[in-house]
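Trainee: From the sequence below, what's the structure:
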Amino acid sequence: MSSAPDHVDTAALGPARVQEVSDGVFAYIQPDGTWFINNTGFLVGSRGVTSVDACSTERRTRAYLAAIAERSPHPVRTLVNTHHHGDHTHGNYLFGDATIVAHERCREEVLAAGLPRFPGVFQDVEWGDVRVAPPFLTYAEGVTLHVDDLRCEVRHVGVPAHTTNDSIVWLPERSVLFAGDLIFNGGTPFMLMGSIAGAIDALEHVVKPLSPRTIVPGHGEVCGLAAVEDVLGYLRFVRQVARQGRDAGLSPLQTALETDLDGYAELPDRERIVGNLHRAYAELDGADPGSPLDIRTVFADMVTYNGGKPLRCLA
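Mentor: Okay, here's the model as predicted:
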């Protein structure tokens, strides 16, 4: 089982890094990509900036906005949320008059989630003066944005995957994909609020057919299609383990405790196996993809798997 130190120097993670992945298209990579430390990105146009996602805390989002300001004198006019999770949306309120765009269920879930409250689940986080700022321009299937002449296709993936409201941002002329949390590159994928089967479907039938040269994942380093195969391998592993554990009459937590993670043991946040198994069990029992689970029980099981300690969170 994993364990977390009581005190961690977050400065040891190093600063976030801006990486130009195509002309005027930037990824903002935050080490180390673990709980609530996400990637964002932005596209610089002649009259304004389009951002893909915000950050989890006031401090991190202000640092991101400062990095944008170093590369453009123009304001962020459009902010796209790839899904509702707080590491991608808590900082929405700091984007001034930007139009916040997302799938219609993303708006619903941001409003339902409210402010961050995770007593006893994570190590203490200094969220800052976080305020709820939901998307207010929504779509059912997708919308096309233009940054000058550059076409940006924002598409809902069509099925519950990481969440019920995942969208990708595809730049066909540049073969660049902002994948949101469909891709954890070098980290443990997490599909508790979505679907194991749906995530496999989205990766196989939405992401892979695009054949992107460059993928900006929701967490981890900029990558290519090899990272897609890595996530698919993990999800298929979870599904197999879930079938074996359920057939043996074990609970998701019991199955996780007895599972040898093998090649996935070195991935950070490995306690996510518990949440993923809860979702996989629900699907084996016939639950609809993305249907609500008892999140409190699931996270309590994850803390138990973590030796009874709050989960490591350096946001």
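Trainee: thinking F178 is in contact with H88, fair?
Mentor: No: F178 sits out of contact with H88 when judged by Cβ atoms under 8 Å, with a separation of 10.9 Å. No exception for glycine: its C-beta is placed from N, CA and C like everyone else's.
Trainee: what separates H74 from N81, distance-wise?
Mentor: Distance from H74 to N81, counting by Cβ to Cβ, to the nearest Å: 21 Å.
Trainee: Mind listing the residues bridging to G41?
Mentor: Following DSSP bridges, G41 is listed with bridge partners A27, V52.
Trainee: Compare H74 and N81 and say which is more crowded by neighbours.
Mentor: More crowded of H74 and N81, by other Cβ atoms under 10 Å: N81, with 28 against 14.
Trainee: in which helix or strand would I find G275?
Mentor: helix 272-284 (DSSP states H and E).
Trainee: Can you show me the CA trace of that helix as CSV?
Mentor: Taking Å, rounded to 0.1, in the frame of the first residue of the first chain, the C-alpha atoms of helix 272-284 are listed here in CSV:
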residue,chain,number,x,y,z
ARG,A,272,-7.0,5.1,-7.2
ILE,A,273,-7.2,1.4,-7.9
VAL,A,274,-9.9,1.3,-5.2
GLY,A,275,-12.1,3.9,-6.8
ASN,A,276,-11.6,2.4,-10.2
LEU,A,277,-12.6,-1.0,-8.9
HIS,A,278,-15.8,0.5,-7.3
ARG,A,279,-16.7,1.8,-10.7
ALA,A,280,-15.8,-1.5,-12.5
TYR,A,281,-17.9,-3.5,-10.0
ALA,A,282,-20.9,-1.2,-10.5
GLU,A,283,-20.6,-1.7,-14.3
LEU,A,284,-20.4,-5.5,-13.8
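Trainee: quick check: angle from the helix or strand just after it to helix 272-284?
Mentor: Next helix or strand after helix 272-284 toward the C-terminus (DSSP H and E): helix 295-305. If you take axes from the mean of the first three to the mean of the last three Cα atoms, to 10 degrees, helix 295-305 sits at 140 degrees to helix 272-284.
Trainee: neighbouring contacts of helix 295-305?
Mentor: Contact partners of helix 295-305, identified using Cβ atoms under 8 Å, 6 or more residues apart in numbering, comprise 1-2, 118, 120-121, 192-193, 252-253, 256-257, 271-275, 278, 309-311.
Trainee: now the stretch 51-200 of the chain, which segments are flagged as low pLDDT?
Mentor: Along the stretch 51-200 of the chain, the model assigns pLDDT under 70 to no residue.
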